[in-house]
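[1] next input, structure requested:
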Amino acid sequence: MAPSTERSTPAPHQGRGELRAAEGHHPQPGTAPAPARRTPVPPGASTPPLLLLAHGSRDPRHAATVEALADAVRALAPHLPVTTAYLDHCAPRIAQVAPRLTGAIAVPLLLNRAFHAKHDIPAALRAAGSPIPVADVLGPSPLLLAALDRRLAETGLDVADPAVRARTGVVLAAAGSSDPAANATTRAVAAEWRRTRGWAAVTTAYASATTPTVPDALAELRAVPAVRTTAVAPYLLAPGLLPDRIATAATAAATDHLAPVLGAAPELARLLLTRHAEAAAATDATAARTA
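    As a prediction, this is how the structure comes out:
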């Protein structure tokens, strides 16, 4: 039987919740700090505009985070045109933006290739009559692991100390999907995060659609002999209903550290530029083959 999650401990250490477009670089464990990298596009260069596609939410924090992330991309690549559009709830919608962006590359603000990536975004672009290519989703990527490290560090957890990592169990808390492949990808991210960082344990939990829940995952971690400290790291991009559900469950289950969502982390801005560049190169290669 898993140990009880009821503990007479203080509230979890939580990371700050501000939405900032630019942040200092948090070093990888065991490395020296490095400045944020700029990837400017030379004036006049033929670079496809970037259309950032987000799901949208009734929660105003969602759009605020998306716009902060777009600003972070603009700061890294000041000559790259960046536009945002949403599938639902927020404006502008994809149909209002995509048709007028000739030659653009759409980059989905999604972590996994689940339903939104496979069906909703292609359907929205078809309905808008837009032929623009769509880049790959953001995950998995080492830059996402670095952003997760950053958010945990903001809770006061010394992620740069190998001894701290070796006694810390982490819950990677995702939205959850009805697509088994998407959930398998999240589990693979958790396994890679443990392998590359040396955490005592990393397990997954989900806010919807599947199990385990955050309390169940924390109970699993507390049964691991090496775990002395627990942390919950939301594998989510922006605040909203599901991140709030994760935070409530983590606090009720008395985790020691509760990280904020990934938000406008500098690593995410760099990753968006990477996906944009990959898709642009693939588009150029396809055009060259068919010329």
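
[2] show me where the stretch 51-200 of the chain has helices.
    Here the stretch 51-200 of the chain has its helices, by DSSP state H, counting those that start in this stretch, at 60-76, 94-97, 115, 121-127, 142-153, 162-166, 180-197.

[3] for the second one, packing partners?
    For helix 94-97, the elements it packs on are strand 82-86, helix 121-127, judged by 3 or more C-beta pairs under 8 Å, 6 or more residues apart in numbering; DSSP states H and E. All C-beta spots, glycine's among them, are computed from the backbone N, C-alpha and C.

[4] burial measure for residue 204, as a count.
    23 (other C-beta atoms under 10 Å).

[5] that one and residue 184, how far apart?
    10 Å (C-beta to C-beta, to the nearest Å).

[6] check residue 91 too.
    Per C-beta to C-beta, residue 91 is found 34 Å from residue 184.

[7] returning to that earlier point: okay, the helices of the stretch 51-200 of the chain, which one's buried deepest?
    Comparing those by mean neighbour count (mean count of other C-beta atoms under 10 Å), helix 142-153 ranks first with a mean of 22.

[8] quick check: angle from that one to helix 180-197?
    On the basis of axes from the mean of the first three to the mean of the last three C-alpha atoms, to 10 degrees, helix 142-153 is oriented at 70 degrees to helix 180-197.

[9] packing partners of helix 142-153?
    Using 3+ C-beta pairs under 8 Å, 6+ apart: helix 142-153 touches helix 180-197, strand 229-234, helix 266-290.

[10] could you tell me the least trusted of the helices of the stretch 51-200 of the chain?
    Comparing mean pLDDT across these, the weakest is helix 115, with a mean of 79.

[11] of the helices of the stretch 51-200 of the chain, which is nearest residue 277?
    helix 60-76 (11.9 Å; C-beta to C-beta).

[12] quick one, the closest one and helix 266-290 angle?
    Using the same axes, to 10 degrees: helix 60-76 against helix 266-290 is 70 degrees.

[13] next, format the helices and strands packed on helix 94-97 as CSV and append distance to residue 286.
    Supplementary listing: these in CSV, determined by distance: least, C-beta to C-beta, whole Å:
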stretch, distance to residue 286
strand 82-86, 23
helix 121-127, 17
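
[14] nearest to residue 190, out of these?
    Comparing the helices and strands packed on helix 94-97 under C-beta to C-beta, the one sitting nearest is helix 121-127, at 25.4 Å.

[15] distance between the closest one and the chain's centre?
    23 Å (C-alpha atoms, centre = their mean, to the nearest Å).

[16] can you tell me what sits against stretch 100-108?
    For stretch 100-108, contacts defined as C-beta atoms under 8 Å, 6 or more residues apart in numbering pick out 48-53, 83, 98, 116-117, 121, 125, 130, 132-135, 137-138, 272, 275-276, 279-280, 283.

[17] go again using 6 Å as the cut-off
    Under the criterion C-beta atoms under 6 Å, 6 or more residues apart in numbering, residues 48-53, 117, 121, 132-135, 137, 272, 275-276, 279-280 lie in contact with stretch 100-108.

[18] show the buried residues in those.
    Applying 16 or more other C-beta atoms under 10 Å to these, the neighbour count classes 48-53, 117, 121, 132, 134-135, 137, 272, 275-276, 279-280 as buried.

[19] residue 265: neighbour count?
    Residues within reach of residue 265, counting by other C-beta under 10 Å, total 26.

[20] ok, it touching residue 147?
    Yes: shown here, residue 265 and residue 147 form a contact pair, counting by C-beta atoms under 6 Å, at 4.1 Å.

[21] would you agree residue 168 is in contact with residue 229?
    Yes: between residue 168 and residue 229 there is a contact at 4.6 Å, judged by C-beta under 6 Å.

[22] more neighbours, those two?
    residue 168 (27 against 17).

[23] for the more buried one, list the residues it contacts.
    Contacts of residue 168 by C-beta under 6 Å, 6+ apart are 199-200, 229, 231.
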